[in-house]
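*Asks:* Build me a model from this:
(chains A, B, C and D)
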Protein chains: 2
Amino acid sequence: MNSSAGSKRVTLAQVAEQAGVSVMTASYTYNQPDRVSEQARSKVLAAASQLGYAGPDPSARSLRRGSTRTLGVVMGEHLSYAFEDPEAVSFLAGIADVCADRGYGMTILPITGAADDVPRITAAAVDGFIVWTTSDDDPVLAAVRAMKRPAVVHGGPAVRGMELVSIDNRAAARAVGAVAFAGAGRPAVVSFPLSRARISTITSGGDITEVLFPVTRERLEGYRQAAEGAGIAWRDVVIAVCARNDAAEAERVAATLLASAEPPDAIAAMSDQQAAGVVHAARAAGRAIPDDLAVTGWDDAAVAERLGLTTVAQSLREQGAACAHAALGEKPNAQTASWSIVRRGSTRQ
Amino acid sequence: MNSSAGSKRVTLAQVAEQAGVSVMTASYTYNQPDRVSEQARSKVLAAASQLGYAGPDPSARSLRRGSTRTLGVVMGEHLSYAFEDPEAVSFLAGIADVCADRGYGMTILPITGAADDVPRITAAAVDGFIVWTTSDDDPVLAAVRAMKRPAVVHGGPAVRGMELVSIDNRAAARAVGAVAFAGAGRPAVVSFPLSRARISTITSGGDITEVLFPVTRERLEGYRQAAEGAGIAWRDVVIAVCARNDAAEAERVAATLLASAEPPDAIAAMSDQQAAGVVHAARAAGRAIPDDLAVTGWDDAAVAERLGLTTVAQSLREQGAACAHAALGEKPNAQTASWSIVRRGSTRQ
DNA sequence: CTGTTAGCGCTTTCAG
DNA sequence: CTGAAAGCGCTAACAG
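*Replies:* The predicted structure is shown next:
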């Protein structure tokens, strides 16, 4: 098991020669050991370890086989955000479960939101793509589709030729919104960004159809229906748009809302992180939950249980696994994932 | 921009023919656009979009260039644990930062702890490897080294021919142990596993040299020195070994310790997660912190600040970035990362 | 069980 | 600025 350190790459042909067999016998030794006699196999392995051959070159093998045994995951602008969002991390874990089981690798594709995203997609040596929820106008979608490999979008948008794995965000928002807004007079929504520009604003119920993130759009639509079901006009519902999905920004914006002349008495957020920020702002402002302010989150993360948040439960991990199956070409039918409302003490119902 | 959906893969040669240029002109159009006339380039791009050619095949390109522009990350047994440990996630984010900047992908390699790990390493189409802290006897290390590509281990063990990025765990443990054990009579340690078998046990200060995880070994050695510095023999220090790094198991084991005839009055843990579990157990047992029980964590995670834990601060994100640089072959100097003690209310000093 | 042939799709020479 | 040749390292397909 020695090797001249730093040596040039050893090839299968050299191993075969050293072992005194044909290249194919050497190849079979690695790929179909059963087809090779015990004797030949041990000669090949001896030659390999003598030469310091670690096994067939992965790139050459991929080229020849036409398959890389790797799945590509596009996590959206700023790759490192992916690892800051606990739900995104659960989703990755679900993909990892399936990949580990199949012996596949998973390549995280570094998307920056800039123009060079497309060449990066194009350059990815993967057998299939999984795209984390994005906007209708994201050029990454066309780039992925152009690769002509199995592809799946999580959340949305729905793209022809790509699978979609998602819950029914509108129905879930309608359901949790109904709980959040029950008995409220001035409901508000803390929202994810409306476009890839990620601008923070506070508006009143605007034109939902203009929202470019389909997941956000569907949830707003569900909240709208919930508000109207509670007898409140959508134009009277304050929408606080946060640039990012984190507790800190939500806390700031909630503090602003609560300090206004007509503070909200119910806030439906789009994540438990955001809802946690709202809860902190409410405490700081001396508001009682749920009597002065009802709050709902989304995802049923650990923090939701800790804070007693009413929320929408869904399994990002299972959805990640479903996406992996789709990207492997194993799932023929579209996946509608399940969700449920978890009622806790942060709402009046 | 049309294409017969589901068509066979289009090659660069076909594009070149369609454009009426040589294959090399087409290739240059993608790789060195400056070397191609405006006219030729637009003919090539027109032909490409007409044929639905998405760009050079990544596998073929990797084979020819001898480089995949991808880094491999080995996260240790059970890939999905990687995503459950917030510090591991920070580490990944640090790698992601560098990869995104360089236009590299990062492939997470699915390690299961079983025998098929080695072939999976061998099959990885990557330019360099980053190995998350593991045990001395992990066969993955030899497999990575056999690949003869730039490789770096985070934490440990130190392996000849591979870089090491780590803090000085022994010194840090000695320092935080000194704070934890100050004024204590019966110190205890809540430890990570001692071997890859991941067995939970409660013992008293045993033979540290037998511990197979070097990070754990170094920390135990530091705690030993701290205990002896406080006048306590190592054999009198209770070591509670947890199979996994989570709050729940630490809480259970701490509850057991606190219910014993001679309960500890100081517990040094190996992570903030574990320390959080200890704090919960102490509260449940009606112990005051730090008067009845001093507690220290490790990593200075968010939970450490929330609970007021004295802990060891280190930046896994920076260490991830340092590993990425090393795996890219950019490493100027061996990396010894920095750490510091953060004193909060969970200790007597 | 073993071997021969024929490329996978691309880009590095090296010449125009 | 453009092109012809050569072959990266490997394995599917088909003989023996």
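
*Asks:* Could you look up the SS state of the residue nearest to A:Gly103 when sequence neighbours are not counted?
*Replies:* Nearest residue to A:Gly103, sequence neighbours excluded (C-beta to C-beta, 6 or more residues apart in numbering or on different chains): B:Arg120, at 6.1 Å. For glycine as for every other residue, the C-beta is placed from the backbone atoms N, C-alpha and C. Put simply, B:Arg120 is helix when judged by DSSP: H, G, I helix; E, B strand; the rest coil.

*Asks:* B:Arg120 - how many residues pack around it?
*Replies:* Counted with other C-beta atoms under 10 Å in any protein chain shown, the neighbours of B:Arg120 add up to 22.

*Asks:* And the one 3 residues further on, by the same measure?
*Replies:* Burial of B:Ala123, expressed as a neighbour count using other C-beta under 10 Å, amounts to 21.

*Asks:* Tell me how far A:Gly185 lies from DNA strand C.
*Replies:* Per C-beta to the nearest atom of the strand, to the nearest Å, A:Gly185 is found 62 Å from DNA strand C.

*Asks:* do A:Pro58 as well
*Replies:* Distance from A:Pro58 to DNA strand C, by C-beta to the nearest atom of the strand: 13 Å.

*Asks:* For the residue nearest to A:Gly103, which residues are in contact?
*Replies:* The contact partners of B:Arg120, by C-beta atoms under 8 Å, 6 or more residues apart in numbering or on different chains, come to A:103, A:105, B:109-111.

*Asks:* Please, a PyMOL command that selects the buried ones among those?
*Replies:* Buried residues within the contacts of B:Arg120, by 16 or more other C-beta atoms under 10 Å in any protein chain shown, are selected in PyMOL with:
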select buried, (chain A and resi 105) or (chain B and resi 109+110+111)
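
*Asks:* pLDDT at A:Thr216, what is it?
*Replies:* A:Thr216 is assigned a predicted lDDT (pLDDT) of 97.

*Asks:* Just to check, it is in contact with A:Met270?
*Replies:* Yes - if you go by C-beta atoms under 8 Å, A:Thr216 and A:Met270 touch, sitting 7.0 Å apart.

*Asks:* Can you work out which residues contact both of those two?
*Replies:* What both A:Thr216 and A:Met270 touch, as defined by C-beta under 8 Å, 6+ apart, is the set A:191-192.

*Asks:* So for these two, which residue has more residues nearby?
*Replies:* More crowded of A:Thr216 and A:Met270, by other C-beta under 10 Å: A:Met270, with 27 against 24.

*Asks:* I figured the more buried one hits A:Asp299, correct?
*Replies:* No - between A:Met270 and A:Asp299 there is no contact, the gap being 9.1 Å when judged by C-beta under 8 Å.

*Asks:* Quick check: which ranges of the stretch 51-200 of chain A have low pLDDT?
*Replies:* Where the stretch 51-200 of chain A drops to pLDDT under 70, the residues are A:77-81.

*Asks:* Give me the three-state assignment for A:Val152.
*Replies:* A:Val152 ends up strand, using three-state DSSP.

*Asks:* same question, the one 4 residues further on
*Replies:* Secondary structure assignment for A:Gly156 (three-state DSSP): coil.

*Asks:* what's the closest residue to it other than its chain neighbours in contact with, if anything?
*Replies:* Using C-beta to C-beta, 6+ apart and skipping residues adjacent in sequence, the residue nearest A:Gly156 is A:Pro214, 3.4 Å away. For A:Pro214, the contact set (C-beta under 8 Å, 6+ apart) comprises A:133, A:135-136, A:155-158.

*Asks:* which one of those sits closest to DNA strand C?
*Replies:* A:Pro157 (28.7 Å; C-beta to the nearest atom of the strand).

*Asks:* in terms of contact, does that closest one touch A:Thr134 like I think?
*Replies:* Yes - the pair A:Pro157 / A:Thr134 is scored as a contact, 7.3 Å apart, by C-beta under 8 Å.

*Asks:* Now the common contact residues for those two.
*Replies:* A:Leu141.

*Asks:* higher neighbour count, the two?
*Replies:* A:Thr134 (25 against 21).

*Asks:* any idea how far A:Thr209 is from that one?
*Replies:* Remark: distance between A:Thr134 and A:Thr209 (C-beta to C-beta, to the nearest Å) = 18 Å.

*Asks:* just A:Leu51 next, same as before
*Replies:* 65 Å.

*Asks:* Tell me which stretches of the stretch 201-349 of chain A form strands.
*Replies:* Taking DSSP state E, counting those that start in this stretch to define them, one finds strands in the stretch 201-349 of chain A at A:201-204, A:238-241, A:266-269, A:294-296, A:311-314, A:335-336, A:339-342.

*Asks:* any idea which of those is most buried?
*Replies:* Highest mean neighbour count of these: strand A:266-269, a mean of 33 (counted as mean count of other C-beta atoms under 10 Å in any protein chain shown).

*Asks:* Pull up the pairing partners for that one, direction included.
*Replies:* The pairing partners recorded for strand A:266-269 under DSSP bridges are strand A:187-191 (parallel), strand A:294-296 (parallel).

*Asks:* which parts of the first one are buried?
*Replies:* If I follow you right, that is strand A:187-191. A:187-191.

*Asks:* Likewise for stretch A:64-75?
*Replies:* A:68-75.

*Asks:* Ok, stretch A:174-186 next?
*Replies:* So stretch A:174-186, judged by 16+ other C-beta under 10 Å, has buried residues A:174-182, A:184, A:186.

*Asks:* Which ones among those also lie next to chain B?
*Replies:* Checked against chain B using C-beta under 8 Å from any C-beta of the partner chain, the buried residues of stretch A:174-186 yield no neighbours at all.

*Asks:* so which pair among those residues is furthest apart in space?
*Replies:* By the measure C-beta to C-beta, A:Ala175 and A:Arg186 form the most distant pair in the buried residues of stretch A:174-186, at 20.7 Å.

*Asks:* which parts of the stretch 51-200 of chain A sit against DNA strand D?
*Replies:* Within the stretch 51-200 of chain A, the positions near DNA strand D by C-beta under 7 Å from any atom of the strand are A:55-57, A:60-61, A:63-65.

*Asks:* Please check the residues you listed and keep the buried ones.
*Replies:* Buried by 16+ other C-beta under 10 Å: A:55-57, A:60-61, A:63, out of those.

*Asks:* Name the nearest of those relative to B:Asp116.
*Replies:* Distances from B:Asp116 to these, taken by C-beta to C-beta, are shortest for A:Gly55, at 13.0 Å.

*Asks:* Surely that closest one is in contact with B:Pro119?
*Replies:* Yes - contact criterion C-beta under 8 Å: A:Gly55 and B:Pro119 qualify, at 7.4 Å.

*Asks:* Identify the residues contacting the residue of the stretch 201-349 of chain A at minimum distance from DNA strand C.
*Replies:* Proximity of the stretch 201-349 of chain A to DNA strand C (C-beta to the nearest atom of the strand) peaks at A:Gly329, 18.1 Å away. For A:Gly329, the contact set (C-beta under 8 Å, 6+ apart) comprises A:128, A:150.

*Asks:* okay, which residue is most central for chain A?
*Replies:* The residue lying closest to the centre of chain A (C-alpha atoms, centre = their mean) is A:Trp132, at 4.0 Å.

*Asks:* close enough to count as contact, that one and A:Gly72?
*Replies:* No - A:Trp132 lies out of contact with A:Gly72 (C-beta under 8 Å); the separation is 11.4 Å.

*Asks:* What segments of chain A are helices?
*Replies:* A:12-19, A:23-31, A:38-51, A:58-65, A:79-82, A:86-102, A:117-122, A:139-146, A:169-181, A:214-229, A:247-258, A:272-284, A:302-307, A:316-327 (DSSP state H).

*Asks:* can you pull the contacts of A:Cys242?
*Replies:* A:Cys242 neighbours (C-beta under 8 Å, 6+ apart): A:190-193, A:200, A:249-250, A:253, A:274.

*Asks:* Among those, name the buried ones.
*Replies:* A:190-193, A:249-250, A:253, A:274.

*Asks:* nearest to A:Arg306, of those?
*Replies:* Using C-beta to C-beta, those come closest to A:Arg306 at A:Gln274, 14.9 Å.
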